[in-house]
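> 3D, please:
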Amino acid sequence: MLTGDTTVTSGDATVAGKSILTNISEVHQNMGYCPQFDAIDELLTGREHLYLYARLRGVPAEEIERVANWSIQSLGLSLYADRLAGTYSGGNKRKLSTAIALIGCPPLVLLDEPTTGMDPQARRMLWNTIMSIIREGRAVVLTSHSMEECEALCTRLAIMVKGAFQCLGTIQHLKYKFGDGYIVTMKIKSPKDDLLPDLNPVEQFFQGNFPGSVQRERHYNMLQFQVPSSSLARIFRLLISHKDSLLIEEYSVTQTTLDQVFVNFAKQQTETHDIPLHPRAAGASRQAKV
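Residues are numbered from 1 along each chain as shown. Next comes the predicted model:
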């Protein structure tokens, strides 16, 4: 709706003080947009795209080259800037689409899954670029399926389930409200050099002291448990007091990951519906027509 692609049915929104109902053209002037699907001309080079959009954005002619070069270097397009965009990989097309959205320093930047198809190094470069424009005081709204990306970039996070907006808050707030306790990881040492570590006492300890805890991993000398929401001080107190008797060499306590928060939230907010099967799919006999 902010981009004007979807008709507003009720209400209003403003960008830089301009209404999307009455001043959508002025809203566009204050917005950069990277759509989910790349809107690029395959017969133009990456550099030509940036020059074109810089002129459309009203960048002064003497500044166009500098602005284009900044985008090329920031997003790692130096090797491909003078090649036709039609020859780009999916990741490089996403870089170019993002670079176009940043042209002209718009106060609001909308990025729809900008890192799709990028390798880890390219993704990190894009993250650094996004963080730099946030530090300049500009607003960035992005959608992503990567919880790692959300945790790295977002000051506030919104979760959508089945296309419906469900909640908004800081990452820490969402972890606290929708998280599923803590993750306790321990390394167990052997009583003697020639003996295997005994993990059974630790398992019994968690079953007795943390009802509802779930064992997530069990290896040669490592155990990991998911402990339901409890007093963090109590977890540390019990681990410290039993560390020697349980032969715990080292341990760590972390919050539930953002991925798990999303899964838990989706489970809480969605209802399962029985999908009726077609009679043939359900195994019903076919009736012959005469």
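> buried residues in the longest helix that the chain contains?
The longest helix of the chain (DSSP state H) is helix 120-135. The neighbour-count check on helix 120-135 (16 or more other CB atoms under 10 Å) flags 122, 123, 125, 126, 127, 129, 130, 133 as buried. For every residue, glycine as well, the C-beta is placed using N, CA and C.
> need the nearest residue in space to the second one, chain neighbours excluded.
The shortest distance from residue 123 to any non-neighbouring residue, by CB to CB, 6 or more residues apart in numbering, is to residue 115 (4.6 Å).
> distance-wise, check that neighbour relative to residue 17.
To residue 17, residue 115 is 31 Å away according to CB to CB, to the nearest Å.
> so for those two, which sits in the more crowded spot?
residue 115 (25 against 9; other CB atoms under 10 Å).
> and the more buried one, what does it touch?
Taking CB atoms under 8 Å, 6 or more residues apart in numbering, we find residue 115 in contact with 94, 122, 123, 126, 127, 144, 146, 149.
> so can I have CSV of those showing pLDDT and distance to residue 231?
Below are the contacts of residue 115 laid out as CSV (pLDDT from 0 to 100; distance: CB to CB, whole Å):
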residue, pLDDT, distance to residue 231
94, 92, 44
122, 89, 43
123, 91, 37
126, 91, 40
127, 93, 35
144, 89, 33
146, 86, 32
149, 89, 32
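> now, the most widely separated pair of those?
Within the contacts of residue 115, 122 and 144 form the most distant pair, 14.8 Å apart (CB to CB).
> if you count contacts, what does the longest helix of the chain end up packed against?
helix 64-74, helix 90-102, strand 139-143, helix 147-153 (3 or more CB pairs under 8 Å, 6 or more residues apart in numbering; DSSP states H and E).
> out of these, indicate the one that is most buried.
When these are scored by mean count of other CB atoms under 10 Å, the highest mean neighbour count falls to helix 90-102 (a mean of 23).
> now that one: how far from the chain's centre is it?
Using CA atoms, centre = their mean, to the nearest Å, the distance from the centre of helix 90-102 to the centre of the chain it belongs to is 18 Å.
> which neighbours in the sheet does the following helix or strand past it have, and how are they oriented?
Per DSSP states H and E, the first helix or strand lying C-terminal to helix 90-102 is strand 108-112. When sheet partners are counted by DSSP bridges, strand 108-112 sits next to strand 31-34 (parallel), strand 139-143 (parallel).
> would CSV of those with distance to residue 185 be doable?
Formatted as CSV, the strands paired with strand 108-112 follow (distance: least, CB to CB, whole Å):
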stretch, distance to residue 185
strand 31-34, 38
strand 139-143, 31
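> so for residue 23, which of those strands sits nearest?
strand 31-34 (11.8 Å).
> toward the C-terminus, what is the element adjacent to that closest one?
That would be, after strand 31-34 and using DSSP H and E, helix 46-56.
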